[in-house]
Each structure stands twice: as C-alpha cells, then as structure tokens.
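Undergrad: what follows is a predicted protein model with its sequence.
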Amino acid sequence: MASWRRMTVDDVPKLLRVADEVHPDLPESDREYVFTERVQLFPEGCLMLANEDKVYGYAISHPIRYAQPPPLDSLLKEIPSDADQYYIHDVAILPELHRQGHATKGIHILLEVARRFTTTCLVSVYNTGPFWRRFGFEAETVDEVLREKLGKYGDDAVYMSRRNAAVSEKDC
C-alpha cells in the first residue's frame, strides 16, 4: 500500500521515472537539480508517494512572492524572505494509482502546510482545472510576464489560486 511521506534528497533520483512518465511534454532539463534544490530549500513542501519497493508519485511545493511562480526548469537559489504566497509546483502520480484518493490526500497535506499563507497558487496543465477547483482553486487573470511563463507549460496552462483557511493562534 502506497502512502505519502516527506521526501529526502536521496529520493530524488527515484522520482525521475515518475516525472518522465507523467510529464513527457514538460521536460525540465535540470529536473534532478530542481527537485533536489526544492527539497533542500523547503523539505516540508516535498512529498513522495511510495511503498517499500516502488515510488508512485511526488509533490513539490514552496513559498513564493505573490503571483511570481518560478519559470519552468529553473532553480530558486533561495526562498524569498518576503514570500507571501504558497506555490504547488507539481503533484504527479503514476496512472496505475489514479482514482484511489492519493492525489486528494497529498493535496490536503500540502494545503495544511500552506495555511500560514493567505493564498496558494499553481499552474494547471493537461486540462486539470476541474480537478483543482474541487480544492477551491480558481483561474486568475495574469499579466504579460506571467503569461510568458505559462507559455512554457503548454497551450492549456492556467494560473490558479485559492484563499487558504485562516490560521488561528490555537493552531500554531
């Protein structure tokens, strides 16, 4: 039975097969470096879906400045000290585990991490907007700079965001 756990740097090479299968049209030339950097910079936002023998999926997320997701295939170098929005870079699960609730569970884990920010955003690809709307994400109007970034994700890329549940003092 596969389950989500926090990713480590040692897990990154195992994830590349999943990324290659799930995102054949969105290759990142430095994907191993991108994933490794994200795990190093914000480990609580990086998850792996696996059992003892096999990796079935992953989730990568981290804080950003409002409406400034990093370009595809780029390194962050650091999490901005003034980051004010949470960004879900990717949630990828092999087809053999689709429709078993794994994506929902992983997204709920990420949204719990995101609660310290007012909003969470992502770039929806492969016409997955209806899926993301189930979690409260809505398409946003984008400026020219963001539109250019979205172009690298494909013609169907849509920038989406949602308001997060407020974090009360008792939750901290």
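TA: Arrived safely, thanks for sending.
Undergrad: and the next helix or strand past the lowest-mean-pLDDT helix or strand in the chain?
TA: Ranked by mean pLDDT, DSSP states H and E, the helix or strand of the chain with the weakest confidence is helix 12-22, at a mean of 86. Beyond helix 12-22 on the C-terminal side, the first helix or strand identified by DSSP states H and E is helix 31-41.
Undergrad: tell me which strands and helices that next one is in contact with?
TA: helix 12-22, strand 46-50, strand 55-64 (3 or more Cβ pairs under 8 Å, 6 or more residues apart in numbering; DSSP states H and E). (C-beta placed from N, C-alpha, C; glycine too.)
Undergrad: render the CA-only coordinates of the least confident helix or strand of the chain in PDB, please.
TA: What follows is helix 12-22, C-alpha atoms only, in PDB (Å, rounded to 0.1, in the frame of the first residue of the first chain):
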ATOM      1  CA  VAL A  12      15.100  12.500  -5.900                       C
ATOM      2  CA  PRO A  13      16.700  10.000  -8.400                       C
ATOM      3  CA  LYS A  14      13.800   7.600  -7.800                       C
ATOM      4  CA  LEU A  15      11.300  10.300  -8.800                       C
ATOM      5  CA  LEU A  16      12.700  10.900 -12.200                       C
ATOM      6  CA  ARG A  17      10.900   7.900 -13.700                       C
ATOM      7  CA  VAL A  18       7.600   9.200 -12.400                       C
ATOM      8  CA  ALA A  19       8.300  12.700 -13.800                       C
ATOM      9  CA  ASP A  20       9.300  11.200 -17.200                       C
ATOM     10  CA  GLU A  21       6.100   9.100 -17.400                       C
ATOM     11  CA  VAL A  22       3.700  11.700 -16.100                       C
END
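Undergrad: and it, what does it pack against?
TA: When contacts are defined as 3+ Cβ pairs under 8 Å, 6+ apart, helix 12-22 packs onto helix 31-41, strand 46-50, strand 55-64, strand 85-93.
Undergrad: please state the offset of the longest one from the chain centre?
TA: Using Cα atoms, centre = their mean, to the nearest Å, the distance from the centre of helix 31-41 to the centre of the chain it belongs to is 12 Å.
Undergrad: avg pLDDT for it?
TA: Mean pLDDT, computed over helix 31-41, is 91.
Undergrad: send me it as CSV with only the CA atoms.
TA: The C-alpha coordinates for helix 31-41 follow below in CSV (Å, rounded to 0.1, in the frame of the first residue of the first chain):
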residue,chain,number,x,y,z
ARG,A,31,14.8,18.3,-13.2
GLU,A,32,17.1,16.4,-10.8
TYR,A,33,18.7,19.7,-9.7
VAL,A,34,15.3,21.4,-9.5
PHE,A,35,13.9,18.7,-7.3
THR,A,36,17.0,18.4,-5.1
GLU,A,37,17.0,22.2,-4.6
ARG,A,38,13.3,22.3,-3.6
VAL,A,39,13.8,19.5,-1.1
GLN,A,40,16.8,21.3,0.4
LEU,A,41,15.1,24.7,0.5
